[in-house]
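Student: What shape does this take:
(chains A and B)
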Amino acid sequence: MHGKESDTRPVDVKKIRELLDANNGARIRTWLSLCSRCGLCAESCFFYLAHDRNPKLSPAYKFKATLGELYRRKGRVDREFLYRCADIVWGECTTCKRCSMYCPFGIDVATLIATTRTILYSQGITPEGLARAVVNYRETGNQMGMSSEDFVDTCEWMAEESQDEIKGVTIPIDKAGAKYMYTVNPREPMFYPQDLAMAAKILTVAEEDWTMPSTGWDCTNLPMFAGDRALAGQVVRNMYEKAVALGVQAILITECGHAYRSALFEGPYLAGYPDGKPPVPIVHSVQLFYEYLRDGRIRIDPAKKLKEPVTYQDPCNVSRNGGLWEEGRKLVQFLAEDFRDMNPNREHNHCCGGGGGYIPMGPEYKARRMASGRVKAEQIRATGAKIVIAPCHNCFDQLSDLNKEYQLGVKVMSLKEILCEIMIVPEKFQPQEAEREESD
Amino acid sequence: MYQKILFCADLYASSDYAFAAALDLAERSGAELIILHVLESRHRYSGHVITEDGETWAGPEVFEKLKKKLREYYLIRIEREDPQNVRVEVRAGIPWVEICRFARKEKVDLIVMGPYTIHDPKAPLDLEKPHLGQNAQEVSLRAPCQVSIVTSPKQRLALEKAGEFPREKKRKRTQE
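Tutor: Numbering: from 1, shown residues only, chains lettered A, B, ... in the order given. The predicted model follows:
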C-alpha cells in the first residue's frame, strides 16, 4: 500500500481499544466466536475462486486474520500487522456480502471487514484513492471536489443541449415539493455530463415531477468504504436533510450501486437515525425505469429493441443487497429480444470486482482488480452476450476494464443510454422542424 | 470583435498553427488570450491524470509545474516582451468536457484548437491519415461559442493527397 514504507508513526493502541470496545456488542462477539470454519463461505467468494482456491482468500480467514486478531491481541499490534490487515480488507474483499448468504450462521463478514477498515482509518491507513476522495467530501461535499456552481452550470449546459432532441427538457434545480430529488454520482457531471442529459430526457418524456438539488446531490459514499464513519454519516445526512428541506416525496438514486446501499440501509445508521430508516423513501433508477415501462410512461420502439444478445450485470448493492434483481430482469425484457442470464445470477450473482471502494482506490490496485475479475469475465463470456447492461458506475467501469483485459468483445451500457436510444419520443416532445433547423 | 479567445493547448507541434492563429486574432482584436491545457484523466473514476512524467494524482504541484511549462512553451512565441493580456489555465478531466465547461463559465467568444492531440509524442506524425480527434469533434458540436480548428499547411496537403475529403464533396457541403 502507498506510503507503507515511510510510515513510522506509532500505533495508537488506546484508540484501537476504544473502537474494539465500542463494537464489542453481541453481534460481533457472536460472529467472531461462532465461525466453525466449515468453508462454505470460501466457495462463495470470487477472490477465492479467481486465485486457485487459495485458503487465505476465504472470507472466514480474512475476518479471523484481521478483526479476530485485533480482538485477540486486545489492540496491541504493530504497524506491520496493520498494513497486512489493510492489504486484506481493501485488497481482498469488496464487502459484496455474497459470503453471508452461504454462511450457515449468517455471519455478516462485510460488517467485520468494515469495522477493521474503521480501525485502520483511525491509524491513518487507507488507500490513497479513497483518502483523496475523503478530502474532497470534507471540503466540497462530493467525492470529485466539484463546486456547486460548476455542478449547476453543468446541469444548465446539459438541459440546453437536450432541448435539440427533446422539446421542453429542463433540469429543475431545488424545486420544492417535487416528487423525486434526483441524486447522482459525481463522475456524471465531472466525466460523463451526457448522463445528466440522458436522465433529464427520460424524466421529461415520462412527465415526471423531479428536481436536482444544488447541494447534497452526491449520493455516493466513499467514506463508508474508507473507514471514516463520521464523515460517511455526514455525507448521507447532507442528502437526507436537503430532501427534507425541499419537501420531496422520495430520493431517486442514479445508476449507482453503493449509493443505494448508503442511502437505503447503511446511511441511516451512519447518520445516527435511531430507527435505522431514511427520512424519505429511497428509489433506485432500476425500480423507477421498470415502473415507467410497466406503466407505459415510457414506451420502447419495437423496431429499435436490442437485437444482439444481452446480459444483465446484477450490481451487488442493487440486486443482492438492494432486492431489485427481478425488477432488473423485467426491465431488460422490455429492452432486448435476446436476453441471456449469467450463471449464477440474481442475488447469487458474483461481484464484478469493482465494488466496496475498489474502483476509486485507483490504478495502484488495478492489476489485482483485473485478476479477481476473472470470475466475472468468464461469467460474461459464457453467456455469448454482445451487450452487458450495468446499472452501476463501479460495475460499468470494472466491466469496461475487464472487457479490454479479457477481450470479451462486448459493449457495456447503462440503462439510461439504452432507454434514450430506443424509447419512443411522443410528438409533443419532438422539436419542431423550424426549431431543429435553427439549432442546426 | 472578440473579447476573450480560448486556445486549447496540448504542448505539441500539432497545434502550433492553432496557437499562431489564436494569438494573431487576439492581438488584432485586443482580446484576452487564455491558454488552457486539460490534463486528461486516465481513468474515468479517479483523479489520476496523464502527465509527461507518467500517471499521477492531479494536485496543486502538478498544476503549477504544468503552468510553468505552458508559459515557457507558448509565451516565448509571443513577440511582445511582457504580454499583458495572456492567461494560462490548467484543468483536469476529460478535455472536451473541461474545455466546454471553461468556455461557458468564462463566456469566451472564440475557441481555437488543433485538429487532434498526439497521445504518444514519440510516435511519428501520420500525415497521410489526418483526422479530427474526439475532442475537436465534441468541442465543435457542443461549445457555446464559435470554434476554429486550425490545421497546419502540411496537414492540408496531406488531406488533398489522401483524398479523404475530395474537393467535390467539400464544395457540395459548402453549397448546402
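Student: Name the residues of chain B found near chain A, please.
Tutor: For chain B, the residues in contact with chain A (CB under 8 Å from any CB of the partner chain) are B:41-48, B:55, B:57, B:93-94, B:97, B:100-101, B:104-105, B:142, B:144. C-beta coordinates here come from the backbone N, C-alpha and C atoms, glycine included.
Student: so of those residues, which ones are in strands?
Tutor: B:H48, B:E55, B:W57, B:G93 (DSSP state E).
Student: are any of those residues buried, and which?
Tutor: B:H48, B:W57, B:G93 (16 or more other CB atoms under 10 Å in any protein chain shown).
Student: B:H43 is in contact with B:V49, correct?
Tutor: No. With contact defined as CB atoms under 8 Å, B:V49 does not reach B:H43; the gap is 9.5 Å.
Student: wait, doesn't B:I149 sit right on B:M113?
Tutor: Yes. Using CB under 8 Å, B:I149 makes contact with B:M113 at a distance of 5.9 Å.
Student: Relative to A:Q430, how far out is the closest residue to chain B within the stretch 51-200 of chain A?
Tutor: The nearest approach of the stretch 51-200 of chain A to chain B comes at A:F191, 4.6 Å away (CB to the nearest CB). Relative to A:Q430, A:F191 is positioned 30 Å away (CB to CB, to the nearest Å).
Student: between those two, which one's more packed in?
Tutor: Legend: neighbour count by other CB atoms under 10 Å in any protein chain shown for A:F191 and A:Q430, higher for A:F191 (20 against 13).
Student: tell me the contacts of the more buried one?
Tutor: For A:F191, the contact set (CB atoms under 8 Å, 6 or more residues apart in numbering or on different chains) comprises B:S41, B:R44, B:Y45, B:G93, B:I94, B:V97.
Student: And for A:A371?
Tutor: A:A371 is in contact with A:A50, A:H51, counting by CB under 8 Å, 6+ apart.
Student: switch the cut-off to 10 Å
Tutor: Contacts for A:A371 (CB atoms under 10 Å, 6 or more residues apart in numbering or on different chains) come out as A:F47, A:A50, A:H51, A:G353, A:E405.
Student: Which pLDDT does the model give it?
Tutor: As predicted, A:A371 sits at a pLDDT of 98.
Student: Look up which helix or strand it falls in, please.
Tutor: helix A:366-372 (DSSP states H and E).
Student: could you dump that helix to PDB, C-alpha only?
Tutor: The C-alpha trace of helix A:366-372 is given here as PDB (Å, rounded to 0.1, in the frame of the first residue of the first chain):
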ATOM      1  CA  LYS A 366      -5.800  -2.300 -11.000                       C
ATOM      2  CA  ALA A 367      -3.800  -5.500 -11.600                       C
ATOM      3  CA  ARG A 368      -5.400  -7.200  -8.600                       C
ATOM      4  CA  ARG A 369      -8.800  -5.900  -9.700                       C
ATOM      5  CA  MET A 370      -8.300  -7.500 -13.100                       C
ATOM      6  CA  ALA A 371      -7.000 -10.800 -11.600                       C
ATOM      7  CA  SER A 372     -10.000 -11.200  -9.300                       C
END
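Student: How far away from the center of its chain is it?
Tutor: 18 Å (CA atoms, centre = their mean, to the nearest Å).
Student: what's downstream of it, the next helix or strand?
Tutor: Counting by DSSP H and E, what follows helix A:366-372 is helix A:374-383.
Student: Please, where are all the helices along the stretch 301-440 of chain A?
Tutor: With DSSP state H, counting those that start in this stretch as the criterion, the stretch 301-440 of chain A has helices at A:325-335, A:366-372, A:374-383, A:393-405, A:415-422, A:433-439.
Student: Point out the most buried one among those.
Tutor: helix A:393-405 (a mean of 23; mean count of other CB atoms under 10 Å in any protein chain shown).
Student: Would you mind telling me which of B:V49 and B:H43 has more residues around it?
Tutor: Counting neighbours by other CB under 10 Å for B:V49 and for B:H43 shows that B:V49 has the greater number, 22 against 19.
Student: sec struct for the closest residue in space to that one that isn't next to it in sequence, please.
Tutor: Ranked by CB to CB, 6 or more residues apart in numbering or on different chains and with sequence neighbours excluded, the top spatial neighbour of B:V49 is B:L39, at 3.9 Å. Following DSSP: H, G, I helix; E, B strand; the rest coil, B:L39 is assigned to strand.
Student: residue ranges with poor pLDDT in the chain?
Tutor: In the absence of a named chain, this looks at chain A. A:433-440 (pLDDT under 70).
Student: Wait, chain B was what I had in mind.
Tutor: In chain B (pLDDT under 70), the answer is B:44, B:79-83, B:118-131, B:154-176.
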